[in-house]
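# Here's my sequence, what's the structure:
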Amino acid sequence: MPNVSLFAKFSYTDGRGNTYSDGSTSTAVTIAAGTDEVFDRTYSIGSTTLSEIWSDSIMGDFDFLYIRSNVDAEIQLVCNEGGTLSGSNIQNGFCLKLKAGIPFYLSTDDSRNMGDMAGTFNESNHGTEIDTWESTWAADTIDRVEFYASGAALVRVFAVT
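The predicted structure is shown next:
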């Protein structure tokens, strides 16, 4: 079975000289991939251009996703693509800011979203279940990743499943 080896370590020293750290640069965390399917692409994206950089139409799912941009940017992770409020499966998105040169990665495409409230989701109760997400939100997967930056960007996307 193919595996991703991930090396991650942080170290922080505060103003009083206290050091906090975790992780390793010599021992990898192993992420099992289901198959040998690989998506590896570097995009050149124009300034203020919204671009899809990964979707489940390119690759059915992922066991590891890595994104790195050379400029500060934003990504949007989309679940329940094509869903509607009336269908109780509303499309959901979550946006994250990326800092230039700092990689973003996920070790699965599994997600949980409020796209299906067991038939009770409608305009009058939208947003009322935020504190019970762990038991009432639908288990799903990420369907699409979009990228946006205010300046021209070079973006690397690597995914395996």
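# Please list all residues in contact with the nearest residue to residue 146 once chain neighbours are set aside.
Spatial nearest neighbour of residue 146, chain neighbours left out: residue 76 (4.4 Å); criterion: CB to CB, 6 or more residues apart in numbering. The way it works is simple: take the backbone N, C-alpha and C, and place the C-beta from them, glycine included. Listed by CB atoms under 8 Å, 6 or more residues apart in numbering, the contact set of residue 76 reads 93, 94, 95, 96, 145, 146, 148.
# Over to residue 34?
1, 63, 161.
# again, 6 Å this time
With contacts defined as CB atoms under 6 Å, 6 or more residues apart in numbering, the neighbours of residue 34 are 63, 161.
# returning to that earlier point: I'd like the next helix or strand past the one helix or strand the residue nearest to residue 146 maps to.
If you go by DSSP states H and E, residue 76 is part of strand 73-79. Tracing the chain C-terminally past strand 73-79 and defining elements by DSSP H and E, one meets strand 92-98 next.
# What pairs with that following strand, parallel or antiparallel?
Within its sheet, strand 92-98 is paired with strand 73-79 (antiparallel), according to DSSP bridges.
# which strand is the longest one in this protein?
Counting residues, the longest strand in the chain under DSSP state E turns out to be strand 19-32.
# Dump it to PDB, restricted to CA.
Coordinates of each C-alpha in strand 19-32 appear next as PDB, following Å, rounded to 0.1, in the frame of the first residue of the first chain:
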ATOM      1  CA  THR A  19      10.600  27.200  24.300                       C
ATOM      2  CA  TYR A  20       7.600  25.200  23.100                       C
ATOM      3  CA  SER A  21       7.900  22.600  20.300                       C
ATOM      4  CA  ASP A  22       6.400  19.400  18.900                       C
ATOM      5  CA  GLY A  23       6.900  17.200  15.900                       C
ATOM      6  CA  SER A  24      10.000  15.900  14.300                       C
ATOM      7  CA  THR A  25      12.300  16.500  11.300                       C
ATOM      8  CA  SER A  26      13.700  13.000  11.500                       C
ATOM      9  CA  THR A  27      10.700  10.800  12.200                       C
ATOM     10  CA  ALA A  28       7.800  11.000   9.700                       C
ATOM     11  CA  VAL A  29       4.100  10.600  10.300                       C
ATOM     12  CA  THR A  30       2.800   8.100   7.800                       C
ATOM     13  CA  ILE A  31      -0.500   8.600   6.000                       C
ATOM     14  CA  ALA A  32      -1.800   5.600   4.200                       C
END
